[in-house]
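J.: Quick one: sequence and predicted model below, then my questions.
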Amino acid sequence: MTGSHKTLILGIGNVLLRDEGAGVFAIRHLADLAAQRDDIELMDGGTLSFSLAGAIEDADNLIVIDAAQYDGEPGTTKVFVGEQMDEFIGSNRKCSVHEVSLIDLMAIALLAGQLPRQRALIGIQPQTIEWGDTPSLPVSAAIQLACDQAMQLAEEWRA
């Protein structure tokens with residue numbers, strides 16, 4: 001594909017804490033949608049670890065899908081692109097079950113001179129973060145929208 005750039009869609013979260021697993025549930029949903037696209041790589045980032053730094057550095061473009069607390073209605077999505085993403089993850093260091101934070105991984109990529117050319121965070125406002133292995137109804141409904149938003153960004157960034 002001439003002039004194309006690889007987009008990594010990274011879903012993060014803990015699927016044992018219901019809505020906290022929204023990003024991972026989204027990656028599972030995207031598997032069929034992205035199967036025919038050689039410019040998209042899907043990755044289940046789970047609860048994050050430093051081992052993801054290499055994948056982020058190797059990506060031309062990065063889309064992260066995660067549960068995000070931004071005081072919206074449960075199940076709503078919000079897309080943070082470029083510097084908006086950087087500002088949001090830098091100012092929203094929520095209490096997390098993640099081993100490392102997304103801002104830590106982005107800082108590693110920046111220090112290595114390998115920050116993805118284009119990047120976005122698609123945040124899904126959680127309703128509940130309690131023990132359970134399925135998302136709440138509002139978050140479950142929002143996962144499709146988040147996937148559509150991710151695919152639209154990947155398409156825009158394809159050229």
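T.: Noted; the coordinates are in hand. Residues are numbered from 1 along each chain as shown.
J.: Just give me the neighbour total for Thr7.
T.: Neighbour count for Thr7, taken as other C-beta atoms under 10 Å: 29. Every C-beta, even on glycine, is put in place using the N, C-alpha and C of the backbone.
J.: Hmm, I typed the wrong one, I wanted Asp86.
T.: 17.
J.: Could you tell me whether Gly11 really is in a strand?
T.: Yes: counting by DSSP: H, G, I helix; E, B strand; the rest coil, Gly11 is part of a strand.
J.: Which helix or strand lies directly C-terminal to the helix or strand harbouring Gly123?
T.: Element membership of Gly123 [criterion: DSSP states H and E] is strand 118-124. Reading on from strand 118-124 to the C-terminus, the next helix or strand found by DSSP H and E is helix 137-156.
J.: can you pull the buried residues of that following helix?
T.: Judged by neighbour count using 16 or more other C-beta atoms under 10 Å, the buried positions of helix 137-156 are Pro138, Val139, Ser140, Ala142, Ile143, Ala146, Cys147, Gln149, Ala150, Met151, Leu153, Ala154.
J.: Which neighbouring elements make contact with the lowest-mean-pLDDT helix or strand in the chain?
T.: Within the chain, no helix or strand scores below helix 102-111, which has a mean of 86 by mean pLDDT, DSSP states H and E. Under the contact criterion of 3 or more C-beta pairs under 8 Å, 6 or more residues apart in numbering; DSSP states H and E, helix 102-111 touches helix 53-58, helix 83-91.
J.: Now for Met33: which residues touch it?
T.: For residue 33 the amino acid is Leu, not Met. Residues near Leu33 by C-beta atoms under 8 Å, 6 or more residues apart in numbering: Cys147, Met151.
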